[in-house]
Every structure is written in structure tokens, then in C-alpha cells.
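> Provide a 3D model corresponding to the input given below.
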Amino acid sequence: MKVLFVCLGNICRSPSAEGVFREISDVETDSAGTAGWHVGKPPYGPMLEAASRRGYEFSDLRARQFTERDFNDFDLIIGMDASNIENIEALRPDGNETPVHLFTDYGATDMTEVPDPYYTRDFDGALDLIERCAEGLKTTIR
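Next comes the predicted model:
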């Protein structure tokens, strides 16, 4: 099983989801952004600091942009919000059936998205939700 986590810039939410999920599961993971602004850059410093306080280390990750090829390379694609899902689906090749879901679908929460801490500045709140969703996803794909 190969899971791809996708957000807007691939510097906060999706690398955090990848970092948390690779810590709790043996599933192959990656992350990407629907925009290319940060390609090649490490995760956002304040996000890394918040994650580090919880014991997560993913400073090795580098941002990349989501591509059409990802539909063939992954078994499951997880978006952080509805806009991400819309942008992902816009690149879906004809006939491809790779499942695409919101991360919050796995979190037993009434939230419909993982708020972007780059804008909200709530890095710990985003990590709380990411951890909950990651545990739910782990249970689902066992």
C-alpha cells in the first residue's frame, strides 16, 4: 500500500501527515502540494518545531508538486481540504480509479478539513487533528 498526502504548498499539513503516518505505520508514504511555490524546500520551520515537540522528525522531506502520474504511483490519495481534492481531481487521467479522500474522513471528527496552520498559526491544533486522522487511517487500511 502506498499513500500520498496532499495539501496546497506541501510545507505544513501534508508533510506533517506523512511524518506522523510513517511513524505509526509501515505503509509507504509521500506528500505533495497542488501548487508549486515551495518545490524543493523543507517543511515550514514552525511546523517542524511543533512536530518535534511531539517526537516527530520529518525535516528530511522536500516539497514537490502533485502530478497526474501520482494517480498511477499511489494506491490512495489523501487531501487536506476540499480545494485540494478539487485540484487533485482536475488532474485525474481518464479511466483512473485511484481513491481520493479527505483526511478528515478518517478522524472521527466533525471537521471537514485540516485547517492550514501556515495561515491560522495553530500548528498544535493542526497536529492534533492530523494525529487523530492518521490513527483512523491506520485502522482503515490494516
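> all helices of the protein, in order?
Residue ranges of the helices in the chain, as given by DSSP state H, are 13-24, 45-53, 70-73, 82-89, 117-120, 123-140.
> and E113, how many neighbours?
The number of residues packed near E113 is 18, by other CB atoms under 10 Å. For the C-beta atoms, the positions are set from N, CA and C on the backbone; glycine is no exception.
> picking up where we left off before, ok, and which of the helices of the chain has the densest surroundings?
helix 13-24 (a mean of 25; mean count of other CB atoms under 10 Å).
> gap between it and the chain center?
Distance of helix 13-24 from its chain centroid, counting by CA atoms, centre = their mean, to the nearest Å, is 7 Å.
> go ahead and confirm P42 touches L48.
Yes. Contact criterion CB atoms under 8 Å: P42 and L48 qualify, at 7.5 Å.
> hey, what's in contact with both of those two?
S59 (CB atoms under 8 Å, 6 or more residues apart in numbering).
> would you format the helices of the chain as CSV with mean pLDDT and distance to L61 included?
CSV is the format used below for the helices of the chain (pLDDT from 0 to 100; distance: least, CB to CB, whole Å):
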stretch, mean pLDDT, distance to L61
helix 13-24, 97, 5
helix 45-53, 97, 9
helix 70-73, 98, 16
helix 82-89, 98, 17
helix 117-120, 95, 15
helix 123-140, 97, 14
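> wait, which of these is closest to L102?
Ranking the helices of the chain by proximity to L102 (CB to CB) places helix 82-89 first, at 6.3 Å.
> for that closest one, which helices and strands make contact with it?
Packing contacts for helix 82-89, counted by 3 or more CB pairs under 8 Å, 6 or more residues apart in numbering; DSSP states H and E, involve strand 2-7, strand 76-79, strand 100-102.
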